[in-house]
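1. Kindly return the folded structure for what I paste below:
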Amino acid sequence: MLSAMRGEVLPLSTGEIPDLSKISRMDDLDRKILAELQQDGRISITDLAERVGLSLSPCHRRLRALEEAGVVSGYGANINLAAVGLNFSAIVFVTMREGSSDRVSAFEAALRDIPEVVQAQRLFGDPDYMLHVVTQDLPAFQALYDRVLSALPSVLRLRSTLVMKNVLRNRPVPL
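-> Next comes the predicted model:
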């Protein structure tokens with residue numbers, strides 16, 4: 001529930017690469033469905049069918065196929081972070097001490113237990129990871145940085161930068 005409050009997408013799958021073989025071929029109608037869902041994830045199937053020009057059953061079948069194939073990986077709410085007391089954002093770059101699969105798995109598993117890390121991306125090269133962190137304020141971030149992030153498995157170095165302003169957030173992907 002807390003992750004939904006932060007505006008994260010709630011996963012239907014485990015984040016694996018979508019199996020597009022379950023969809024014979026994405027066409028313009030599938031793209032219209034995806035575009036509508038990006039604008040309003042709470043749209044009823046009836047309204048969705050009407051907006052994309054399909055009857056109810058074919059629209060529902062297409063949506064279910066997109067979900068089962070992992071193209072639609074979840075639904076969630078976009079939350080104003082300041083409205084829920086999360087007024088501070090930072091990007092933390094992590095360089096790992098070593099990159100063995102056991103160490104990487106341990107690091108990534110530990111990240112899942114830190115609710116303030118709202119997005120984590122593994123990168124090619126150095127640094128190894130980019131973490132998006134939200135907290136109430138600078139002292140809360142400093143405590144998290146010193147006590148939790150610094151103690152993550154196999155961390156060699158952390159570098160952080162503070163977010164001045166969100167220019168684009170949760171932008172729909174181009175289809």
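2. Roughly how far does Ile45 sit from Glu36?
-> Distance of Ile45 to Glu36, computed by CB to CB, to the nearest Å: 11 Å. (C-beta placed from N, C-alpha, C; glycine too.)
3. same check, this time on Asp126
-> From Asp126 to Glu36 the distance is 40 Å (CB to CB).
4. Strands along this protein, start to end?
-> In the chain, the strands defined using DSSP state E lie at 10-11, 74-75, 88-96, 117-122, 129-135, 155-162.
5. Buried residues in the fourth one, which are they?
-> I take that to be strand 117-122. Residues of strand 117-122 classed as buried by neighbour count (16 or more other CB atoms under 10 Å): 117-118, 120.
6. quick check: domain ranges of the chain?
-> Following the assignment in automatic domain parsing, the chain carries domains at 2-75, 81-162.
7. The residue nearest to Leu175 when sequence neighbours are not counted: neighbour count?
-> Distance criterion CB to CB, 6 or more residues apart in numbering; nearest residue to Leu175, sequence neighbours excluded, is Arg31 at 4.3 Å. Taking other CB atoms under 10 Å as the criterion, the count of residues near Arg31 is 13.
8. hang on, isn't Arg31 packed against Pro174?
-> No: between Arg31 and Pro174 no contact is recorded; they are 9.9 Å apart, counting by CB atoms under 8 Å.
9. who's more crowded, Ile45 and Glu36?
-> Applying other CB under 10 Å to Ile45 and Glu36 shows that Glu36 carries more neighbours, namely 19 against 13.
10. Identify the spatial nearest neighbour of Thr161, chain neighbours not counted.
-> Per CB to CB, 6+ apart, closest to Thr161 is Ile91, 5.1 Å.
11. my guess is that neighbour meets Ser160, correct?
-> Yes: Ile91 is within contact range of Ser160, at 6.7 Å (criterion: CB under 8 Å).
12. so what's in contact with these two at the same time?
-> Val133 (CB atoms under 8 Å, 6 or more residues apart in numbering).
13. Having no further points to raise, I will conclude here.
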